[in-house]
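J.: using only what follows, build the 3D model:
(one chain, ligands or ions: 1)
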Amino acid sequence: TPVLVGITGGIGSGKSTVAKIFSILGIPIYFADDRAKWLMVNDEILKKQLIEAFGSESYDSEGKLDRSFLAKEVFSDPEKVKTVNSLVHPAVGRDFSDWASTQNTPYVLKEAALIFETGNNKALDFVINVSSPLKVRIARTLMRDSFRSEEQVNQIINQQLPDEQKNELADFVIKNTDNKLLIPQVLKIHQQLISDK
Ligand code: ATP
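T.: Numbering: from 1, shown residues only. The predicted structure follows:
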């Protein structure tokens, strides 16, 4: 199995942008947030657990996840959100580890909005945090996502660990401010990760 490296960063920090650079270097990327959504529809164990927790209405007759039903179920109930997470996170963990074991590169990346928040860093060898000033992140997110209000963006930010704390916990920090170039920072980390093993 390759070395397992997480890449995280708050909303709008640029972690997807940075992941793209690694991917150009030939590093396989696992997109945990997209994959979690996929697993909720396709992982039989997880589906069974979600049905047990939230009822058969969670899926329609064709086995498709009823996201709006589930969203209504968990809406404004932190305990239910915890239940969903406690089922989805282990499923993603299993799936990631199966996926990683089939890759033939010195290391692989797992991109996820939440890594330290969920304790997932314990299952990874290294974590990279993509760090940008709050103001820049809000501006970039509002520019990219016209469907989100500033209030919604702030709400998401409040669910994430502050950037300064993530920088302290991370093994590598990539600064994505307007005056810092990303590619040289990525190359430096890449060199370290491939010379480590
Ligand atoms: P999310 O958590 O919402 O998925 P993210 O951390 O993956 O966000 P990106 O989608 O990579 O962030 O970046 C947010 C937006 O900011 C994108 O539209 C991206 O193109 C833009 N962006 C990122 N970095 C830079 C940069 N250095 N200069 C200009 N625009 C940037």
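J.: what is the neighbour count of T17?
T.: 14 (other CB atoms under 10 Å). C-beta: built from backbone N, CA, C; applies to glycine.
J.: any idea how far A36 is from it?
T.: 21 Å (CB to CB, to the nearest Å).
J.: ok, now which ones touch A112?
T.: With contact taken as CB atoms under 8 Å, 6 or more residues apart in numbering, A112 is in contact with 6-8, 32-33, 120.
J.: likewise Y107?
T.: 2-5, 27, 125, 193-194, 197.
J.: phi, psi for it please.
T.: Main-chain dihedrals, Y107, degrees, to the nearest 10: phi -150, psi 160.
J.: bridged to it, which residues?
T.: V3 (DSSP bridges).
J.: check which helices and strands the lengthiest helix in the chain sits against.
T.: For the chain, the helix with the greatest residue count under DSSP state H is helix 78-101. Packing contacts for helix 78-101, counted by 3 or more CB pairs under 8 Å, 6 or more residues apart in numbering; DSSP states H and E, involve strand 29-31, helix 32-42, helix 44-54, helix 67-74, strand 107-111.
J.: okay if I get these as CSV plus mean pLDDT and distance to N176?
T.: Below are the helices and strands packed on helix 78-101 laid out as CSV (pLDDT from 0 to 100; distance: least, CB to CB, whole Å):
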stretch, mean pLDDT, distance to N176
strand 29-31, 97, 17
helix 32-42, 94, 19
helix 44-54, 94, 33
helix 67-74, 86, 31
strand 107-111, 98, 14
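J.: pick the most buried one from those.
T.: strand 107-111 (a mean of 24; mean count of other CB atoms under 10 Å).
J.: is it up against the ligand anywhere?
T.: No: remark: strand 107-111 sits outside contact range of the ligand, by CB under 6 Å from any ligand atom, the gap being at least 7.5 Å.
J.: and that strand with helix 32-42, angle?
T.: Here the directions of strand 107-111 and helix 32-42 differ by 80 degrees (axes from the mean of the first three to the mean of the last three CA atoms, to 10 degrees).
J.: distance between strand 107-111 and the chain's centre?
T.: 11 Å (CA atoms, centre = their mean, to the nearest Å).
J.: cool, stretch 182-197 as well?
T.: The answer for stretch 182-197 is 21 Å, by CA atoms, centre = their mean.
J.: before we move on, what about stretch 98-117?
T.: 10 Å.
J.: what packs against the lowest-mean-pLDDT helix or strand in the chain?
T.: Least confident helix or strand of the chain, by mean pLDDT, DSSP states H and E, is helix 67-74 with a mean of 86. The elements that helix 67-74 packs onto, with contact taken as 3+ CB pairs under 8 Å, 6+ apart, are helix 44-54, helix 78-101.
J.: got a list of contacts for the last one?
T.: Helix 78-101 has contacts (CB under 8 Å, 6+ apart) with 1-2, 4, 30, 32, 35-36, 39-40, 43, 45-46, 49-50, 53-54, 70, 73-74, 108, 110, 118, 120, 123.
J.: got the buried residues for that helix?
T.: 83-84, 87-89, 91-92, 95-96, 100 (16 or more other CB atoms under 10 Å).
J.: and the angle from that helix to strand 107-111?
T.: 160 degrees.
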